[in-house]
Structures are given as C-alpha cells and as structure tokens.
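**Q** got a structure for you, letters missing:
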Ligand code: GLN
C-alpha cells in the first residue's frame with residue numbers, strides 16, 4: 001500500500017513516520033505527478049491558508065481536488081479545514097479549499113486563549129482496528145490552534161467529540177476522514193490504523 005503525505009508545509013514528517021511504523025510506503029507529495037500511483041493521501045496539520053496558497057502556486061490544487069473526489073484522503077487539523085466544503089473565520093479574501101466533506105469548520109474555534117491543549121476523546125470508533133499493543137480506552141489527542149466542525153451534512157458520520165457533548169472533532173464521510181487534532185503527535189497508532197483499514201476496504 002502507498003499512502004502519500006502532502007509535504008508543502010506543516011507536520012508531514014510525523015505522519016510519514018507513523019505510516020512507516022505500520023509498514024506503509026509513505027512518499028512526500030509536492031507535485032501533481034507525485035499523486036499518480038497513490039492509494040490514498042494524508043493532508044497534515046500546519047496552516048491551512050499557507051498550504052492552500054502553496055498548493056495553488058505549485059499547480060496542485062486541481063489535482064488534489066481530482067484525487068480526493070475518487071480516492072481516500074485524511075485531513076488532520078489544517079488538513080481538515082482544506083477538506084471541508086465550508087470554512088468560517090477564514091483569512092480576509094477567503095482561502096483555497098479542496099473540499100469534499102459536507103461540513104462547516106470554524107478555523108480557529110478555540111481562539112487564542114487556548115492555543116493548544118490535550119484531551120481524552122471517546123474512541124469507540126477505533127475499537128475494531130485496535131491491536132493488543134495499542135492504548136486502551138480514550139484517545140489522547142493534541143490540539144494546536146485547532147479548528148472544530150460546527151455543522152455536518154446528513155451523510156457525515158461523527159466519530160468523536162470533545163468530552164461532555166463538546167464540539168465535533170472527528171468525522172468521516174465515505175472515503176474522506178477528518179480530525180481537528182494531531183494524531184501523528186500522539187503516541188497512539190489507532191487513528192492511523194483506522195485510516196489504513198478504510199483504504200483497504202474502499
Ligand atoms: N487553525 C489553523 C489553520 O487555520 C490550523 C492549525 C493546525 O493545523 N495546527 O490552518
């Protein structure tokens with residue numbers, strides 16, 4: 001299996017390491033031709049405006065749209081924003097989005113006061129992929145200037161929220177997965193395993 005990681009900006013190396021730990025070939029994607037023989041794509045966290053603009057100037061935006069219309073993709077944090085059909089609190093003048101997920105994200109839902117925080121998320125969606133060596137119970141998630149999903153369309157499955165019926169922070173719609181936090185920074189492979197099993201089944 002070959003899962004590319006968009007490597008324009010942000011936390012792409014950490015995703016590559018996680019995929020390699022799981023025995024997956026994980027090339028960096030910087031040019032349209034790098035998408036050619038991939039089974040799936042991860043769009044990492046970073047800064048969605050910068051990443052969108054870089055994608056535009058490398059001629060990658062349209063190829064990314066075409067890829068994610070047919071193949072599995074997972075956006076984490078800024079990547080989730082890029083995969084959303086709608087974003088609020090965008091930079092003035094808007095920003096390029098890839099789209100595909102029928103959701104609205106708030107780019108900076110948690111504001112400046114809580115630039116970053118950690119939270120234990122209910123993780124029953126991960127039970128079927130968990131291996132004996134994985135952590136049990138909640139998924140310890142790292143949020144960095146994180147977005148949140150503020151609206152979901154009818155075809156979108158909510159995978160988890162912040163505790164006490166808090167905001168939605170992980171969603172799936174068919175072949176597309178989105179998480180508001182950074183699973184590549186947690187010492188837990190379950191979300192990467194979940195994406196792998198999506199790719200294997202689709
Ligand atoms: N809020 C950031 C953005 O707009 C995302 C932050 C992140 O990916 N850690 O792109």
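**A** Received, thanks. In this text, all values refer to a predicted model and were calculated from it rather than measured experimentally.

**Q** which residues are contacting the biggest helix by length in the chain?
**A** The single longest helix within the chain, with elements called by DSSP state H, is helix 190-201. Here helix 190-201 makes contact (CB atoms under 8 Å, 6 or more residues apart in numbering) with 1, 3, 15, 18-19, 22, 24, 39-40, 42, 72, 74, 123, 125-126, 128-131, 134-135, 139, 170, 172, 175, 177, 179, 183-184. Every residue, glycine included, has its C-beta placed from N, CA and C.

**Q** Now do residue 53: how many residues are near it, please.
**A** By other CB atoms under 10 Å, 17 other residues sit near residue 53.

**Q** Tell me which helix or strand it sits in.
**A** Element membership for residue 53 (DSSP states H and E) is helix 48-57.

**Q** Show me what that helix is packed against.
**A** helix 61-70, helix 78-83 (3 or more CB pairs under 8 Å, 6 or more residues apart in numbering; DSSP states H and E).

**Q** next structured bit after the longest one?
**A** This means helix 61-70. Note on helix 61-70: by DSSP H and E, the next helix or strand toward the C-terminus is strand 73-76.

**Q** Ok, the last one next?
**A** Moving toward the C-terminus from helix 78-83, the next helix or strand (DSSP H and E) is strand 84-88.

**Q** ok, the following helix or strand past that next one near the ligand or not?
**A** The helix or strand immediately downstream of strand 84-88 is strand 101-106, counting by DSSP H and E. No - between strand 101-106 and the ligand, judged by CB under 6 Å from any ligand atom, nothing touches; the nearest distance is 8.9 Å.

**Q** hey, which of the helices and strands packed on helix 48-57 is tucked in deepest?
**A** helix 78-83 (a mean of 30; mean count of other CB atoms under 10 Å).

**Q** How about it and the ligand, any contact?
**A** Yes - counting by CB under 6 Å from any ligand atom, the ligand is contacted by helix 78-83 at 78, 81.
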